[in-house]
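> The amino acid sequence is not available; the structure is as follows:
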């Protein structure tokens, strides 16, 4: 967090064109109205149900755009699908996409912009939301979306936040066996771990995986948690990895950094037996210059791949083809999955809250939701009544392997791992 604050200070002078919102007046005005719909209208007896604006905040531009830049298409597709089915209890949903520019000085403006424009709730898929989470919390606004930015998804007082992918976050960030077990099974013995310095989740994922490696009898060859956000220069890192005989790799980075790291290691002559990327399972990489360097590597998919169809994948695929102009051969990126699930969970909350939903009712009803799976896109159900401040009992994902013509699932079943009791990475961050 200190590094994030430093970066905010460094960037403040660059952004003189951004206006500052009068936060106190905005929050007071919004908090005093139980339901503010698009255009400032409220629902009344005999009137048509007022539209409900849902804001989506993500990294459309900037360093994280490689991961999330195309994600608004999935957010809008989920909204379009719901509106085609009559909206939520007669309320039409209005999407509001806001770009945080992957800029620590812009994320607060983005969140306050959503509040000032009367958004009912926020779907977050921002790597920087942890810097601005206090604003929707103070406004009593429900937030759904990706847990991958920071610990606020499981930390008091942020009980208004519901991670639609993992449910919540254990703020101790315990080590988990899933990743390293896969590397060990495929011959990895000396592992390289990499994380972004500004991101609490990225840093702690790398540190936790390194702890798990020791637990499983693997050796930590490299642990670098100072990678610049979106960094693509890994020349020195590749030489260090070669010097330390790294033969397995699991970076906790976005796809653009992953690809650059893989290419740098290949050029340096690092021979890898097993590689697992947490992100990067997406169509655009197949025809990219990086594809040849990724052959045989494994990619994590937190959400069920479309090549293993069920009701959830078929619903999403049909909507993406109709509303986002996907072709039959397309499949979603990780950012698009996150956008879809975040919108889906917010819609669930609105449906549960009844004909005249309030923010407080949505938060209360989501906290009582006991078996959320994003219609089968997730491997295990999330019980929001017990998950806050904890990890899932089992963290599961599908593993895809890069082959010449595309990605192939290693198994039709997800691979699951568990937290290692007594471990924590918070003291080392």
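Received the coordinates, thanks. Quick caveat: nothing in here was measured; it's all calculated off a predicted structure.
> sec struct for residue 319, please.
helix (DSSP: H, G, I helix; E, B strand; the rest coil).
> Now do the same contact list for residue 259.
The neighbours of residue 259, taking CB atoms under 8 Å, 6 or more residues apart in numbering as the test, are 280, 285, 288, 290, 293-294. Where C-beta positions appear, they are placed from N, C-alpha and C, glycine not excepted.
> ok, now which ones touch residue 254?
Contacts for residue 254 (CB under 8 Å, 6+ apart) come out as 63-64, 66-67, 127, 230, 279.
> any idea which of those residues is closest to residue 352?
Distance to residue 352, by CB to CB, is smallest for residue 127 among the contacts of residue 254, at 29.0 Å.
> Which secondary structure element of this protein has the lowest mean pLDDT?
Least confident helix or strand, the chain: helix 23-31 with a mean of 36, by mean pLDDT, DSSP states H and E.
> Please name the strands paired to the helix or strand following that one in the sheet, noting orientation.
Moving toward the C-terminus from helix 23-31, the next helix or strand (DSSP states H and E) is strand 52-58. Strand pairing for strand 52-58, using DSSP bridges, gives strand 93-99 (parallel), strand 121-125 (parallel).
> Between those, which one is closest to residue 74.
For those, proximity to residue 74 was assessed by CB to CB; strand 121-125 is nearest, at 9.4 Å.
> Name the next helix or strand following the closest one along the chain.
The C-terminal neighbour of strand 121-125 among helices and strands, as given by DSSP H and E, is helix 134-138.
> chain center to that following helix, what's the gap?
19 Å (CA atoms, centre = their mean, to the nearest Å).
> just stretch 155-170 next, same as before
In terms of CA atoms, centre = their mean, the centre of stretch 155-170 is set 12 Å apart from its chain centre.
> Pull out the buried positions in it.
Of the residues in stretch 155-170, 155, 158, 160-170 count as buried by neighbour count, 16 or more other CB atoms under 10 Å.
> returning to that earlier point: please identify the most buried of the strands paired with strand 52-58.
Ranked by average neighbour count under the criterion mean count of other CB atoms under 10 Å, the strands paired with strand 52-58 are headed by strand 121-125 at a mean of 33.
> Now do the most centrally placed residue in the chain, the pLDDT please.
Nearest to the mean C-alpha position of the chain, by CA atoms, centre = their mean, lies residue 146 at 3.3 Å. What the model reports for residue 146 is a pLDDT of 97.
> Could you do residue 46 as well?
Looking at residue 46, its pLDDT stands at 43.
> what about the residue lying closest to residue 235 once chain neighbours are set aside, distance to residue 96?
Of all residues not flanking residue 235 in the chain, residue 264 sits nearest, at 5.8 Å (CB to CB, 6 or more residues apart in numbering). For residue 264, the distance to residue 96 (CB to CB, to the nearest Å) stands at 39 Å.
> I'd like to know how many residues surround the residue nearest to residue 235.
Neighbours of residue 264 under the rule other CB atoms under 10 Å: 20.
> about what we covered before: farthest-apart pair in the contacts of residue 259, please.
Longest distance between any two of those is 11.7 Å, between 280 and 293; criterion CB to CB.
> Would you mind telling me which of these two has more residues around it?
Per other CB under 10 Å, whichever of residue 280 and residue 293 has more neighbours is residue 280, with 29 against 19.
> State the pLDDT value of the closest residue in space to the more buried one that isn't next to it in sequence.
Setting aside the residues directly before and after it, residue 280 is nearest to residue 255 in space (CB to CB, 6+ apart), at 4.0 Å. The score at residue 255 is 83. That number is its pLDDT.
> In contact with residue 255, which residues?
Neighbouring residues of residue 255 by CB under 8 Å, 6+ apart: 66-67, 277, 279-280, 282, 285, 333-334.
> So which of these are in strands?
residue 277 (DSSP state E).
> Now go through the contacts of residue 255 and say which are in helices.
66-67, 334 (DSSP state H).
> Now a PyMOL select for only the buried ones of those.
Remark: buried members of these, expressed as a PyMOL selection using 16+ other CB under 10 Å:
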select buried, resi 66+67+334
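> where along the chain do the strands fall?
Using DSSP E, the strands of the chain run over residues 52-58, 93-99, 121-125, 143-145, 161-163, 190-196, 219-227, 248-252, 274-277, 298-301, 395-403, 406-409, 415-417.
> So for residue 177, which of these sits nearest?
Among the strands of the chain, the nearest to residue 177 by CB to CB is strand 415-417 (4.2 Å).
> Please list all residues in contact with residue 294.
Residue 294 is in contact with 259, 262, 275, 280, 285, 402, counting by CB under 8 Å, 6+ apart.
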